[in-house]
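Student: what follows is a predicted structure for the sequence shown.
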Amino acid sequence: MNLLHCLGREAGLFIRTRSSVAALALLCVLASIAIGLGHAEVQRQEASIERVRALDVTERESALAGAPDFGDAAYAAYHLTWNPPSEMAFTAMGQRDIAPWMLRVRALALEGQIHETDSFNPELSLTGRFDYAFVMAFLLPLFAIVVMYDMVSAEREAGRIPLLVASAGNVRRLWWQRTAVRVLGLLLACLVPMWLGGLIIGTSAGALLTASAIVLVTVLVWTAVILVFSFRPWSSAVIATSLTGVWLTVALILPLGGKVLIDYLEPGIDGAQIALLQRETVNGAWDLPKEATMKPFFVTHPEWADTRPVTEPFHWKWYYAFQQRGDEVAAELSGAYRAAITRRDELTGWVALLSPPVAVQRALQRLAGTDVQASLAYEQRIRIFHEQLRRFYYPFLFNEEPYGLESLKDLPRFE
């Protein structure tokens, strides 16, 4: 009871500090705005996915109904793939801002379809979207500094330290109580908006607790840093300047230096190079003898080597064979592209060891399923589905079976 009384007294004193209360109120407002914007973006993406899925089914059924043969059906029919936002995506958009979360594919060469809109590699972001992860990673430390930097120095400059020592008895306990009140205020300002937002959309308690733990660790880490400076025999201005310098170093300078170093160590590959190589291979096949396409195709697909040879000027199985060859020629470069993205992400993880804001942002993005690995996993699901499409059409194309809609009842569906 005595502890609760002391904490209540410290809370009453803290509330009288208008600047600190205003800082917590502003932090709560910013967190609420970030949650609201996150909700709006998630709803927009979910609505877009549902709308396009309905249109995709209608358009594909029309294309298949009007196709004269399987080759034309595979050419005309688009198949939507999508990556729905997770239950925690409203807290961290991450790669969903720069990587596609919907892609319509056909049974043609895939690399161009994936990379034709790619203009850069995912890399370490210094700021990014104004979402909850950004507020917790980059703005929360500043508010923690505002609330706690002069907790000791203000008392010393006002000449109240001897009085506090005499009245409190255990001055160390007094400082811990004051720190606890401020930490609790920061946590309430950060967590209440997230919990309300999560409960509104039905986010699981486990996910919210995990995100809360990340925020708690963030507050405790910065509290420890601030206390190291607060108990120095310095003026409030010097302490505030020093802590601001620490924030600038770990939130801006280190991430910027890390980005420069990552660009040097792992420059990556432009996705447009992959699309160009695949496109040149496909377009060049029109001018080559058909044997130049079919022979290497049969090496990777020996099950079709004994089918009737292509003697006509044009045949669908020749057309899809050189589409396949386009992907096979670009496969090495495509694999290097994905490996480079993975290595860049790993190097960013090393930067996060020195930069708590980067670490917090990465942790929340991983929880939200919006990190680099989640983006690559969606791309892999597209590749698996595309392979299923090819494997479905190849027997009809190479065995030259007559076209019929009843044969499409087992056409792969993306899930």
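Tutor: Yep, it's here.
Student: now the longest helix along the chain: mean pLDDT?
Tutor: Counting by DSSP state H, the longest helix found in the chain is helix 18-66. For helix 18-66, mean pLDDT rounds to 95.
Student: list the buried residues in stretch 150-160.
Tutor: For stretch 150-160, burial by neighbour count (16 or more other C-beta atoms under 10 Å) applies to Asp150, Met151, Val152, Ser153, Glu155. Heads up, the C-betas are built off the backbone N, CA and C, glycines and all.
Student: let me see the mean pLDDT of it.
Tutor: Averaged across stretch 150-160, pLDDT comes to 76.
Student: same question for stretch 345-352, mean pLDDT?
Tutor: pLDDT averaged over stretch 345-352 gives 96.
Student: and which of the buried residues of stretch 150-160 is nearest Leu196?
Tutor: Nearest to Leu196 out of the buried residues of stretch 150-160 is Met151 (C-beta to C-beta; 29.2 Å).
Student: doesn't Pro84 belong to a strand?
Tutor: No - secondary structure of Pro84 (DSSP: H, G, I helix; E, B strand; the rest coil): coil, not part of a strand.
Student: ok, it - how many residues close by?
Tutor: 14 (other C-beta atoms under 10 Å).
Student: for this protein, what spans make up the strands?
Tutor: Taking DSSP state E to define them, one finds strands in the chain at 79-82, 102-105.
Student: tell me the one of the buried residues of stretch 150-160 nearest Ala363?
Tutor: Scanning these for proximity to Ala363, where the rule is C-beta to C-beta, the winner is Met151, at 27.7 Å.
Student: how about Thr223: what's its closest non-neighbour residue?
Tutor: Val183 (5.7 Å; C-beta to C-beta, 6 or more residues apart in numbering).
Student: follow-up on the earlier one: highest average neighbour count across the strands of the chain?
Tutor: strand 79-82 (a mean of 20; mean count of other C-beta atoms under 10 Å).
Student: packing partners of that one?
Tutor: If you count contacts as 3 or more C-beta pairs under 8 Å, 6 or more residues apart in numbering; DSSP states H and E, strand 79-82 packs onto helix 18-66, strand 102-105, helix 372-398.
Student: please repeat the previous calculation with a cut-off of 6 Å.
Tutor: helix 18-66, strand 102-105 (3 or more C-beta pairs under 6 Å, 6 or more residues apart in numbering; DSSP states H and E).
Student: kindly export it (C-alpha atoms) in PDB.
Tutor: Taking C-alpha atoms only, strand 79-82 is exported to PDB below (Å, rounded to 0.1, in the frame of the first residue of the first chain):
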ATOM      1  CA  HIS A  79      -4.900 -16.000 -63.000                       C
ATOM      2  CA  LEU A  80      -4.900 -13.700 -60.000                       C
ATOM      3  CA  THR A  81      -2.400 -14.300 -57.200                       C
ATOM      4  CA  TRP A  82      -2.700 -12.300 -54.000                       C
END
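Student: on that earlier part again, tell me the one among the buried residues of stretch 150-160 nearest to Glu415.
Tutor: Met151 (54.7 Å).
Student: sorry, back to before: neighbours of the residue nearest to Thr223, how many?
Tutor: Neighbours of Val183 (other C-beta under 10 Å): 18.
Student: please report how far it lies from Phe143.
Tutor: Distance, Val183 to Phe143, by C-beta to C-beta, to the nearest Å: 12 Å.
Student: what pLDDT is listed against the closest residue to Leu347 other than its chain neighbours?
Tutor: Nearest residue to Leu347 in three dimensions, chain neighbours excluded: Ile262, at 4.8 Å (C-beta to C-beta, 6+ apart). Note on Ile262: pLDDT of 95.
Student: check whether Ile262 really touches Gly349, as I assumed.
Tutor: No - counting by C-beta atoms under 6 Å, Gly349 is not a contact partner of Ile262; they are 10.7 Å apart.
Student: same drill for those two, tell me which one is more crowded.
Tutor: Ile262 (21 against 13).
Student: which residues touch Ile294?
Tutor: In this structure residue 294 is Met, not Ile. Counting by C-beta atoms under 6 Å, 6 or more residues apart in numbering, Met294 makes contact with Ala321.
Student: before we move on, what about Ala275?
Tutor: Ala275 touches Gly112, His115, Glu116, counting by C-beta under 6 Å, 6+ apart.
Student: recalculate using a threshold of 8 Å.
Tutor: Glu111, Gly112, Ile114, His115, Glu116, Asp118 (C-beta atoms under 8 Å, 6 or more residues apart in numbering).
Student: give me the buried subset of those.
Tutor: Glu111, Gly112, Ile114, His115, Asp118.
Student: just the residues you listed: which has the poorest pLDDT?
Tutor: Within these, the minimum per-residue pLDDT falls on Asp118 (48).
Student: quick one: Ala99 and Ala374 touch, right?
Tutor: No - at 9.1 Å, Ala99 does not count as touching Ala374 under the criterion of C-beta atoms under 8 Å.
Student: more neighbours: which of the two?
Tutor: More crowded of Ala99 and Ala374, by other C-beta under 10 Å: Ala374, with 21 against 18.
Student: ok, now which ones touch the nearest residue to the more buried one once chain neighbours are set aside?
Tutor: Distances taken as C-beta to C-beta, 6+ apart place Gln95 nearest to Ala374, at 6.8 Å, with adjacent residues excluded. Contact analysis of Gln95 by C-beta under 8 Å, 6+ apart lists Pro122, Gln365, Thr370, Asp371, Val372, Ala374, Ser375.
Student: ok, of the contacts of Ala275, which one's closest to Ser32?
Tutor: Out of the contacts of Ala275, the member with the shortest distance to Ser32 (by C-beta to C-beta) is Asp118, at 34.7 Å.
Student: look up phi and psi at the residue lying closest to Asn399 once chain neighbours are set aside.
Tutor: Sequence neighbours aside, Thr307 is the residue nearest to Asn399 in space, at 6.7 Å (criterion: C-beta to C-beta, 6+ apart). Per-residue torsions, Thr307: phi -80, psi 170 (degrees, to the nearest 10).
Student: quick one: Thr307 from Ala109, how far?
Tutor: Distance from Thr307 to Ala109, by C-beta to C-beta: 21 Å.
Student: appreciated, that's everything.
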